[in-house]
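K.L.:
Give me a 3D structure for the following:
(2 chains)
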There are 2 protein chains.
Amino acid sequence: MKKFSITFLPEGKSVEVDEGMTIAESAQVAEVFIDNLCGGEGVCGKCRVRISKGRAEAEKHAKALFTEDDLEKGYVLACQTKIHDDLEVVIPAQSRMEEEQIMTGESAKDSEGPEFRPLVTKVYLELSPPTLEDNIADIERISRELRKKIGWQDLDISLNCLQHLSEKLRENDWKVTVSIAKEKNRRRILKIEPLDTTDHNYGVAVDVGTTTVVAQLVDMNSGKLIGVEGSHNLQASYGEDVISRMIYACGKGGISRLHKAVVKNINQLVEELSVKNGISPEEINAIVAAGNTTMSHFLLNLSPCSIRLDPYVPTADVYPQIIAADIGIHVGPNGLLETIPSVASYVGGDIVAGVMSCGISDSEEVRGLIDIGTNGEIAMGNSEWLVCCSASAGPAFEGGGTKCGMRATKGAIEKVKISDGRLQYQTIADADPRGICGSGLIDSIYELVKNGIIGAGGKFNRTLKDPRLTVEDNIPQYTIAYPAETETGEAIFITESDISSLIKSKGAVFAAIKALVDYIGLGFDQIETFYVAGGFGNFLDIPKAVAIGLLPDIPREKIKFIGNSSLTGARKCLLSEKALEKCFNISRSMTNIELSNYQPFMDEYIAALFLPHTNRKLFPSVEY
Amino acid sequence: MKKFSITFLPEGKSVEVDEGMTIAESAQVAEVFIDNLCGGEGVCGKCRVRISKGRAEAEKHAKALFTEDDLEKGYVLACQTKIHDDLEVVIPAQSRMEEEQIMTGESAKDSEGPEFRPLVTKVYLELSPPTLEDNIADIERISRELRKKIGWQDLDISLNCLQHLSEKLRENDWKVTVSIAKEKNRRRILKIEPLDTTDHNYGVAVDVGTTTVVAQLVDMNSGKLIGVEGSHNLQASYGEDVISRMIYACGKGGISRLHKAVVKNINQLVEELSVKNGISPEEINAIVAAGNTTMSHFLLNLSPCSIRLDPYVPTADVYPQIIAADIGIHVGPNGLLETIPSVASYVGGDIVAGVMSCGISDSEEVRGLIDIGTNGEIAMGNSEWLVCCSASAGPAFEGGGTKCGMRATKGAIEKVKISDGRLQYQTIADADPRGICGSGLIDSIYELVKNGIIGAGGKFNRTLKDPRLTVEDNIPQYTIAYPAETETGEAIFITESDISSLIKSKGAVFAAIKALVDYIGLGFDQIETFYVAGGFGNFLDIPKAVAIGLLPDIPREKIKFIGNSSLTGARKCLLSEKALEKCFNISRSMTNIELSNYQPFMDEYIAALFLPHTNRKLFPSVEY
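P.N.:
Next comes the predicted model:
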């Protein structure tokens, strides 16, 4: 197979790769991180790169994402462009991703470290055939050989592994591959296959998000990330947000419909991952799923009905490991499904996976994780203690609940800048604007207050002469994109009530952070790092998020945006028993502070309904 | 409810019981043991008792089993006769059963002892409803309460216990009953039911015999035996004996048919036990099954194909605990099926259960178990060591392979006596004779040799003038019942080749015993007790069995006939985790001597083809 050399700029990292690999894959090899929101679907347009040397052409169906001008300049989608030449590839700033976000490099490192111990391992055995002097039972012959190879283990076995074992051994010259799975403190023979199949041992990590379900295919032998696919949560047809789905579910037969929807999601993703990567779903031996508590309940067909109502009680925080096929997931017959445990009704396995993934529970210093979506979940702690809380932030950050809000998909305005009276914006995939996503809204508010267009209370300065500032039905609004610029031909704007919503949202998140820090009895300066995860799309302008009072005013380098830490955590659990064990420990030991019952939070919330905050001393570095 | 007093003679034991109880049930209460081959079906006629005082009448359909004379004398079937009066009941010798055979009394004693710890226990919980201050997950609330009640346990849980748990708790005022099962060294929540169901916790012990499947219903709260049912193994339509079934099974689709047949057997027995005892199959939380290795394989749908062929290898000796419903057994949704482990291809869970049940593995003295059927399995040992072996005895003892042989059912000649030239026999249920069962054949051979009708080599003394001794087709034969006496109107006789078969059978069993004793390096006098189990029907004349050289010549009181020790062992495992644990230990630690490869056995076999034996010194007390 031909080899080509690929150099990534501005890093200048070079790698040699096989012909036919995509630029995105070669970037993984080079440990250069390219944004990959849609998971290599060629849909999101996030992985735009420019070919500065060598010949490479954008795939036909990807061309729709580019202007003529882009194509002339040599822009292609990294995930869709195969390598047939030596290339020099420039990664523009907007296609760049924080290392933590994909962390393929990190997982490769894991795989060499002492912690690499995948949930399912395969062992190939060549047995000596039985004789009259040595006629122990077939399965005992396998166990005896396993003891020689991997030491003594008390192995459980599924009955279906014993069925047809006799023929399997005798028809294949006593050569078999045994898959051994870990569950809690014991091991189980999951599968016995004829001949040597050790090469094929795959796992799938799934982040079951309310909006999006994303899955990664992982080689459990090497720890290598092989592919990633994402899709909208099919439950959306039963309700856009968690609460409306719970309401639907708790009607007759509803839970089962929501359960089947998410199972269908996973099956579709497994199918896509398998087809695209040339493996059989039968070779997938384990799935690790992380989601919020309600999503985990739906996944396992558990009732979430009491989660929604005071006193907010889930059926379970720790979920049994099950055989995935038992709930209709189409992987190998005994493939496992492990669901990352939750902490409480509104602090789910996604947060637990994130806390584990950021190393908060291993850290000597105090670290925090802020996961911002419809709920803002905050976790904080170190190797000694862990606390968390959750506050309803409303849908604004995910693009809901505002006039022109939208999710972070193609055409969403994700960046806004106003300087010298001129407004500039950037959309996802550089498409004609269709709305504003969370990060665009945060940018907008910052720019509006910085330029004096709104005051610290979020009200428009009506005395201002600005053509973008108009009043409709007595509600002032500010135009971000004029009708002529947009896809729909309608203006994209922000109203005073949108701003009010956003201030409430950011106020709730900040109040939760502040209440938790106070509860612990620390100051912000004593937190070593704040990891920020969430559904903003892939970008969050940290300084602006601080400036509007969403995140605390600490040195900006101490705040790290890490994207989907739930998925990263799930993948780590696939590859390391210890990582999964840590999740169980986090679930058990993390103290949940119920904010709905906590007066200091209410006080903080009221105080935070201001830009950046009623108490300016909390934001000393912020100046408008 | 009216109470009546029942006195059993000759013991003179009296009990007071409720009106409507059967005599057989009241005998259990009195710890008097009445034979019960068919399991209270009113079919076998084994439980004949005579009413000497008070009024009781044989049930209509049971009358067929009695002669007019019997009825006049006051004979009834104990299992079919309900109590409506104070009674004095005489138990005739032939309706008497060794205590070990049913051991209801013993199990009742168990239930008070330290070992009473049923496989599934129920715990009733009244939980405090959650509040905002105490809003742990539902299942964690249950676990917390369980920890208070039964101490800390790491409990697994089946996913289906969590499904609908939320509603179950909230609709039943937070009152639930939790069923906890034991598997290996861990515990699992099997079932969570609304309100207090602790009263209903049943188990079923099953002996999966090649010929008969027998099941006992047990109250797992009290240890009490509630009912017993038996039926012919439905696999018989695929082959009369184990070998022919294996041959059938190893054809296409065969295993599954044999598997389904035995599952149907168990379902029918469970259904009958439930209906007759007024419980729901849903309330059965555990089944313990014991059978020979092939039967255990069929039960679990495992291939027995390599059991039959040199080097005789089963798929497994230790079987996973499974959910009975997973193989189509209709008990409670998470009801367990535990299959007693085997030792080798021809030493099965029935023997392991028997060894445990006789206390061989607990004994300081050396004890032996001889289970005689188509195979003779011998186990010997004490608390320090255990050895076993198996020899093919042929079908003679089970009534097969001889001209007029039959199984020990109604009309079988089970006892034979010749004195002063007069022959007397007794049939099961006193019916007109239809054939001769194993015990009848043993009696016959003994009587023939004792009376000089055959010689020590098993050949007829043709010079003898005995009207019963005739020659057909040049083969001498001896008539036991003349055509006029029999049900069919055809003579029942024993041929010289029948005798030859029987000598081979008894020779194989004795040779196996002798080879094993020699292997251990002990003399017969050093064996404290020999327990004899087997498919002879319910009687075996021990002195005659010794006299023909089937059993060793040791003091007769050291040989105890114990009937179905497999079933007794299975029931003990239902009621005592420790008993089951002992079975696992026995399966692991018992050494199997493969006789097909063992020259001393072959030598012993040749030497044993004589009545009682070539070496008369081995049978010093036997005189003809």
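
K.L.:
Phi, psi for the residue lying closest to A:Glu167 once chain neighbours are set aside please.
P.N.:
Leaving out its chain neighbours, the residue that sits closest to A:Glu167 by C-beta to C-beta, 6 or more residues apart in numbering or on different chains is B:Ser303, at 6.2 Å. For every residue, glycine as well, the C-beta is placed using N, CA and C. Here is the backbone geometry of B:Ser303 (degrees, to the nearest 10): phi -70, psi 120.

K.L.:
what about A:Lys417, neighbour count?
P.N.:
Number of residues near A:Lys417 (other C-beta atoms under 10 Å in any protein chain shown) recorded here: 16.

K.L.:
Same question for A:Leu423.
P.N.:
17.

K.L.:
so where's the stretch 201-350 of chain A uncertain?
P.N.:
Scanning the stretch 201-350 of chain A with the threshold set as pLDDT under 70 gives A:253.

K.L.:
Give me every residue in it lying close to chain B.
P.N.:
A:300-303, A:305-306, A:310-320, A:322, A:326-327, A:342, A:344-345 (C-beta under 8 Å from any C-beta of the partner chain).

K.L.:
Drop the exposed ones from those residues and show what's left.
P.N.:
A:300-303, A:305-306, A:311-320, A:322, A:327, A:342, A:344-345 (16 or more other C-beta atoms under 10 Å in any protein chain shown).

K.L.:
From the residues you listed, which land in helices?
P.N.:
Among those, DSSP state H puts none in helices.

K.L.:
Show only the entries of these found in strands.
P.N.:
Within these, residues falling in strands by DSSP state E are A:Ile322.

K.L.:
Setting aside sequence neighbours, what's the nearest residue to the closest residue to chain B within the stretch 401-550 of chain A?
P.N.:
Nearest residue of the stretch 401-550 of chain A to chain B: A:Tyr519, at 15.3 Å (C-beta to the nearest C-beta). Residue nearest to A:Tyr519 in three dimensions, not counting chain neighbours: A:Ile593, with 5.9 Å by C-beta to C-beta, 6+ apart.

K.L.:
now A:Val32
P.N.:
A:Phe8 (4.5 Å).

K.L.:
where's A:Phe610 relative to A:Pro600, distance?
P.N.:
When distance is defined by C-beta to C-beta, to the nearest Å, A:Phe610 is 18 Å away from A:Pro600.

K.L.:
so where do the strands sit in the stretch 201-350 of chain A?
P.N.:
A:202-208, A:212-219, A:225-232, A:284-291, A:322-323, A:336-339 (DSSP state E, counting those that start in this stretch).

K.L.:
Check the stretch 501-624 of chain A too.
P.N.:
Using DSSP E, counting those that start in this stretch, strands in the stretch 501-624 of chain A cover A:527-534, A:559-563, A:591-593.

K.L.:
next one: the stretch 1-150 of chain A
P.N.:
With DSSP E, counting those that start in this stretch as the criterion, the stretch 1-150 of chain A has strands spanning A:3-9, A:13-18, A:48-53, A:75-77, A:87-90, A:120-126.

K.L.:
ok, and which of those has the densest surroundings?
P.N.:
Each of the strands of the stretch 1-150 of chain A was scored by mean neighbour count; the highest is strand A:75-77, a mean of 26, by mean count of other C-beta atoms under 10 Å in any protein chain shown.

K.L.:
Just checking: what are the partner strands of that strand?
P.N.:
strand A:48-53 (antiparallel) (DSSP bridges).

K.L.:
With only the CA atoms kept, save the strand it pairs with in CSV.
P.N.:
Listed next in CSV are the C-alpha coordinates belonging to strand A:48-53 (Å, rounded to 0.1, in the frame of the first residue of the first chain):
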residue,chain,number,x,y,z
ARG,A,48,-12.7,22.5,7.3
VAL,A,49,-9.0,22.4,6.4
ARG,A,50,-7.1,24.1,3.6
ILE,A,51,-4.7,22.1,1.4
SER,A,52,-1.7,24.3,1.0
LYS,A,53,0.5,21.8,-0.9
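
K.L.:
how about low-confidence regions in the stretch 401-550 of chain A?
P.N.:
For the stretch 401-550 of chain A, the stretches with pLDDT under 70 are A:535-538.

K.L.:
neighbours around A:Ser500, how many?
P.N.:
Neighbours around A:Ser500, by other C-beta under 10 Å: 16.

K.L.:
List the single closest residue to it in space, sequence neighbours excluded.
P.N.:
Closest residue in space to A:Ser500, ignoring its immediate chain neighbours: A:Gly458 at 5.7 Å, by C-beta to C-beta, 6+ apart.

K.L.:
Would you map the helices across the stretch 251-400 of chain A?
P.N.:
A:254-277, A:293-299, A:349-357 (DSSP state H, counting those that start in this stretch).

K.L.:
and what of the stretch 401-550 of chain A?
P.N.:
A:438-450, A:496-520, A:542-547.

K.L.:
which one of those helices is the most hemmed in?
P.N.:
Neighbour counts (mean count of other C-beta under 10 Å) averaged over each of these peak at helix A:438-450, with a mean of 27.

K.L.:
Now do that one and strand A:559-563, the angle between them.
P.N.:
Counting by axes from the mean of the first three to the mean of the last three C-alpha atoms, to 10 degrees, helix A:438-450 lies at 150 degrees to strand A:559-563.

K.L.:
Okay, angle between helix A:438-450 and helix A:496-520 too, please.
P.N.:
Helix A:438-450 and helix A:496-520 are oriented at 100 degrees to each other (the same axes, to 10 degrees).

K.L.:
now for helix A:438-450, which elements pack on it?
P.N.:
strand A:412-419, strand A:475-481, strand A:492-495, helix A:496-520, helix A:542-547 (3 or more C-beta pairs under 8 Å, 6 or more residues apart in numbering or on different chains; DSSP states H and E).

K.L.:
For chain B, give me its nearest residue in the stretch 151-300 of chain A.
P.N.:
Using C-beta to the nearest C-beta, the closest approach of the stretch 151-300 of chain A to chain B is made by A:Ser166 at 3.9 Å.

K.L.:
Give the burial count for A:Pro118, as a bare number.
P.N.:
Neighbours of A:Pro118 using other C-beta under 10 Å come to 25.

K.L.:
Quick check: chain neighbours aside, which residue is closest to it?
P.N.:
Closest residue to A:Pro118 apart from its sequence neighbours, by C-beta to C-beta, 6+ apart: A:Met220 at 3.9 Å.

K.L.:
ok, now which ones touch that neighbour?
P.N.:
Neighbouring residues of A:Met220 by C-beta atoms under 8 Å, 6 or more residues apart in numbering or on different chains: A:118-121, A:201-203, A:285-286, A:574-575.

K.L.:
Next: A:Thr121.
P.N.:
A:179-180, A:201, A:220.

K.L.:
same deal with A:Gln477?
P.N.:
A:403, A:469-471, A:493-496.

K.L.:
For those residues, could you give me a markdown table that also reports distance to A:Ile51?
P.N.:
Output for those, formatted as a markdown table (distance: C-beta to C-beta, whole Å):
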| residue | distance to A:Ile51 |
| --- | --- |
| A:Lys403 | 40 |
| A:Leu469 | 43 |
| A:Thr470 | 44 |
| A:Val471 | 49 |
| A:Phe493 | 38 |
| A:Ile494 | 38 |
| A:Thr495 | 43 |
| A:Glu496 | 46 |
